[in-house]
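Visitor: structure, please.
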Amino acid sequence: MADEIALAVMLPGDRLPLSMLDPTRFLKPLVVLLGGDGITPDGSRDCGPEGWQQSRRLLRWSRWTLLHGTGGEEAHYDWAVEAARSYRRVLIAECGTATLPTWMALRAEVAPYCPGAVLQCDPDDFHPRRPAMAEGVTP
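Guide: I've put the predicted structure just below:
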């Protein structure tokens, strides 16, 4: 079962080979995960769609999109696997509270009819959080 779906993990600045986006050349179902909610060395937490030159193209390519602006739970990624089995082209945009509205607006602009899900924190919370530091340890 592990071989039935391909996964491409992209960090900010990465580009996916266009051949992988061509369903006539890349025959496996593909999940593209944009990892944009991590805390970077410069202290920024969330880069948003501008972190990838292919953001617009990937949103148009996707047949099911998950805008993931909250802490990860296994069920969230299970949905993406099931979606890949059905839709074959899935995009997961990992994002934080600050840039989730930007992702939502871009998706509405370039792929308004694409099914999927938007997951976000409770209104009084935010994502991502800096991991708790051990006592006496400084970043």
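Visitor: Ala105 and Gly35, how far apart?
Guide: 20 Å (Cβ to Cβ, to the nearest Å). For every residue, glycine as well, the C-beta is placed using N, CA and C.
Visitor: between these two, which is the more surrounded one?
Guide: Higher neighbour count among Ala105 and Gly35: Gly35, with 16 against 11, using other Cβ atoms under 10 Å.
Visitor: secondary structure class for the residue nearest the centre of the chain?
Guide: Closest to where the C-alpha atoms of the chain average out (Cα atoms, centre = their mean) is Ala93, at 1.7 Å. Put simply, Ala93 is strand when judged by DSSP: H, G, I helix; E, B strand; the rest coil.
Visitor: repeat for Arg56
Guide: helix.
Visitor: so how many other residues sit close to it?
Guide: 15.
Visitor: list the contacts for the residue nearest to it when sequence neighbours are not counted?
Guide: What sits nearest to Arg56 in space, not counting adjacent residues and going by Cβ to Cβ, 6 or more residues apart in numbering, is Val110, at 5.2 Å. Neighbouring residues of Val110 by Cβ atoms under 8 Å, 6 or more residues apart in numbering: Arg56, Leu59, Arg60.
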